[in-house]
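A.B. asks: quick one: sequence plus predicted model below, questions after.
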Amino acid sequence: MQRTRIKICGLTRVEDVQAAVALGADAIGFVFYPNSPRYVTPEQAAALIAAVPPFVTCTGLFVNATPEQVAAVVKVAPVSLVQLHGDESIAESAAIAAACGRQFLRVFRVKPDTAPADLLEYEQLCRAASPLFTSLLLDTYVDAYGGAGKGFDWSLVPKELAPRVVLSGGLSVHNATDAVVSVRPYAVDISSGVEAAKGIKDARKIADFIAAVRAGDDQLDRATLKEHPHESLA
Ligand SMILES: O=C(O)c1ccccc1N[C@@H]1O[C@H](COP(=O)(O)O)[C@@H](O)[C@H]1O
């Protein structure tokens, strides 16, 4: 049975954390990039993380921070995964993860001229560089680094890579079902598409987004049953 993991990113209020968790988010993201409108201090994030039950993953998002800066944040805000969303090289990303003792998501910001083979090669390099590497997170290249609500051409994602990637960039209730069915990613990550205003999440939009992802999962399950009628979906 297909179950695409769902991360909701850029939370700043405890009521938004509680809503996301209650509605079924698998992961919650906190933005430690000071230029972001969704920035939270490590102390604010620690208070938000205290509202998260076990088995929901808390992620810390960084842009071009040093290993020392990331380690200092993680000491105060106990995230279990770091999302490296800037121009850090693969070696720098591995060093950051080692310094803070956390697994990491390496972000690849896709441009119109990105080739599918670039993504495959980049993922292999990440995997070879560090045992703390978990997944490639694919976002759209924008000057502001992220959280911009801008999508990229999903046909650039190689079929063999898709089951291991986190897909993000411009996702919303309007395209989530299509994203799941056409890309088949391991997970999806959303920020601006479930907001009422920057940094303020909208519980209705989160609920609708999650329902749209599950509708995609259901479509994939039905297709699998049609192709392999004797296969169990359990
Ligand atoms: O959310 C932010 O403010 C942010 C700032 C800097 C880098 C990344 C940021 N968010 C991430 O951007 C992608 C796409 O977001 P959106 O759904 O298109 O708004 C997502 O991975 C966020 O985690």
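C.D. replies: Everything's here; your move.
A.B. asks: A144: how many residues sit nearby?
C.D. replies: By other C-beta atoms under 10 Å, the residues close to A144 number 12. No exception for glycine: its C-beta is placed from N, CA and C like everyone else's.
A.B. asks: show me what contacts the residue nearest to it when sequence neighbours are not counted?
C.D. replies: Closest residue to A144 apart from its sequence neighbours, by C-beta to C-beta, 6 or more residues apart in numbering: N35 at 7.8 Å. By C-beta atoms under 8 Å, 6 or more residues apart in numbering, N35 lies in contact with V63, A144, Y145.
A.B. asks: doesn't N35 belong to a strand?
C.D. replies: No. N35 sits outside any strand when classified using DSSP: H, G, I helix; E, B strand; the rest coil, being coil.
A.B. asks: let's see the pLDDT reported for it.
C.D. replies: On pLDDT, N35 comes in at 96.
A.B. asks: which one of the contacts of N35 is nearest the ligand?
C.D. replies: Closest approach between those and the ligand, by C-beta to the nearest ligand atom: Y145, at 3.9 Å.
A.B. asks: for that closest one, what are phi and psi?
C.D. replies: phi 80, psi -30 (degrees, to the nearest 10).
A.B. asks: then V188?
C.D. replies: Dihedral angles of V188 (phi, psi; degrees, to the nearest 10) stand at phi -120, psi 150.
A.B. asks: what's the burial count for it?
C.D. replies: 27.
A.B. asks: how about the contacts of N35 in a markdown table, adding pLDDT and distance to the ligand?
C.D. replies: A markdown table is the format used below for those (pLDDT from 0 to 100; distance: C-beta to the nearest ligand atom, whole Å):
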| residue | pLDDT | distance to the ligand |
| --- | --- | --- |
| V63 | 98 | 5 |
| A144 | 87 | 7 |
| Y145 | 90 | 4 |
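A.B. asks: what does this protein put close to the ligand?
C.D. replies: Residues of the chain lying close to the ligand (C-beta under 6 Å from any ligand atom) are 9-10, 29, 31, 33, 36, 38, 61, 63, 85, 137, 139, 145-149, 168-171, 189-193.
A.B. asks: report the distance from the longest helix along the chain to the chain centre.
C.D. replies: Longest helix in the chain, counting residues (DSSP state H): helix 203-227. In terms of C-alpha atoms, centre = their mean, to the nearest Å, the centre of helix 203-227 is set 18 Å apart from its chain centre.
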